[in-house]
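Peer 1: predicted model and sequence follow; I will ask about them next.
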Amino acid sequence: DGGITQSPKYLFRKEGQNVTLSCEQNLNHDAMYWYRQDPGQGLRLIYYSQIVNDFQKGDIAEGYSVSREKKESFPLTVTSAQKNPTAFYLCASSINSPYNEQFFGPGTRLTVL
Amino acid sequence: KQEVTQIPAALSVPEGENLVLNCSFTDSAIYNLQWFRQDPGKGLTSLLLIQSSQREQTSGRLNASLDKSSGRSTLYIAASQPGDSATYLCAVNTNAGKSTFGDGTTLTVKP
């Protein structure tokens, strides 16, 4: 089955720790995205990548980092510099840009203890 | 800066009713608009994508319309069912390659 997988589903982080969220897709899509969702709110773009080995900051990139070494994978690292990381994180992909339909993974809920 | 607003924030209707969800945006220079459904604690499911050159798109009981000049889109749901209960989000995509999401409308369909 084609789709987007995210792991883990739930993640707990102690203050001062870096954590990495996984996102993998087998849709052969060039573009991938990371969004953050807070309760009762829409999605805010953290980072996006339109091609391997290239990525751009979104609206709220501070305290986050990404890599795009493979077309299928776009991991997100939440660093200790992110002061309020507790949120629901969603990964998405599209054929080559938001000009095309975006498809989403099931999400990772991150909680800071 | 693009701003997307969805009103109302919550809507409760009896089963079988036809309903309309609204999405408005401030910058009419959009490339397309996408409607999503989100169940609690889950990811987003794409419902309809409507290009800037289109006036409407239909899928089953769903119909999305787009009026770029007035900065509005509507999602019409016919003959609502309890299984339609979810949060519905719209996302506006600009030529800059970014998506701006509304905060969503939470729909409850009562049996």
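Peer 2: Arrived safely. Numbers count the residues shown, from 1 in each chain, chains lettered A, B, ... in the order given.
Peer 1: number of residues surrounding the closest residue to chain B within chain A?
Peer 2: Using C-beta to the nearest C-beta, residue A:42 is the residue of chain A that sits closest to chain B, at 3.5 Å. C-betas here are computed from N, CA, C, even on glycine. With neighbours defined by other C-beta atoms under 10 Å in any protein chain shown, the count for residue A:42 comes to 21.
Peer 1: same check, this time on residue A:75
Peer 2: Other residues within reach of residue A:75 by the criterion other C-beta under 10 Å amount to 17.
Peer 1: over to residue A:24?
Peer 2: Counted with other C-beta under 10 Å, residues neighbouring residue A:24 total 18.
Peer 1: surely it is in contact with residue A:5?
Peer 2: Yes. Residue A:24 lies in contact with residue A:5 (C-beta atoms under 8 Å); the separation is 5.0 Å.
Peer 1: and residue B:88, its phi and psi?
Peer 2: Here is the backbone geometry of residue B:88 (degrees, to the nearest 10): phi -110, psi 130.
Peer 1: by proximity to chain A, which residue of chain B wins?
Peer 2: As assessed by C-beta to the nearest C-beta, chain A sits closest to residue B:101 within chain B, at 3.5 Å.
Peer 1: for the residue sitting nearest the centre point of chain A, give the beta-bridge partners.
Peer 2: Per C-alpha atoms, centre = their mean, the C-alpha nearest to the average position across chain A is that of residue A:34, at 3.0 Å. Beta-bridge pairing for residue A:34 (DSSP bridges): residue A:47, residue A:91.
Peer 1: does it touch residue A:67 like I think?
Peer 2: No. The criterion here is C-beta under 8 Å, and residue A:34 misses it with residue A:67 at 11.5 Å.
Peer 1: and residue B:85, what is it in contact with?
Peer 2: Residues counted as contacts of residue B:85 (C-beta atoms under 8 Å, 6 or more residues apart in numbering or on different chains) are B:107-109.
Peer 1: was I right about residue B:39 contacting residue B:86?
Peer 2: Yes. Between residue B:39 and residue B:86 there is a contact under C-beta under 8 Å: 5.1 Å.
Peer 1: the two - which one has more neighbours?
Peer 2: Neighbour comparison, residue B:39 and residue B:86: the larger count goes to residue B:86, with 19 against 11 (by other C-beta under 10 Å).
Peer 1: and that one, what does it touch?
Peer 2: B:37-39, B:106-107.
Peer 1: and those, which of them are in helices?
Peer 2: Cross-referencing those against helices under DSSP state H gives no overlap.
Peer 1: neighbours around residue A:43, how many?
Peer 2: Residue A:43 has 27 neighbours, counted by other C-beta under 10 Å.
Peer 1: residues touching it, list them.
Peer 2: The contact partners of residue A:43, by C-beta under 8 Å, 6+ apart, come to A:35-37, A:90, B:44, B:89, B:91, B:99, B:101.
Peer 1: hmm, try it at 10 Å
Peer 2: A:33-37, A:88-90, A:92, A:104, B:36, B:38, B:44, B:89, B:91, B:99-104 (C-beta atoms under 10 Å, 6 or more residues apart in numbering or on different chains).
Peer 1: now swap in residue A:4 and tell me
Peer 2: Taking C-beta under 10 Å, 6+ apart, we find residue A:4 in contact with A:23-27, A:29, A:32, A:72, A:74, A:90-93, A:103-106, B:43.
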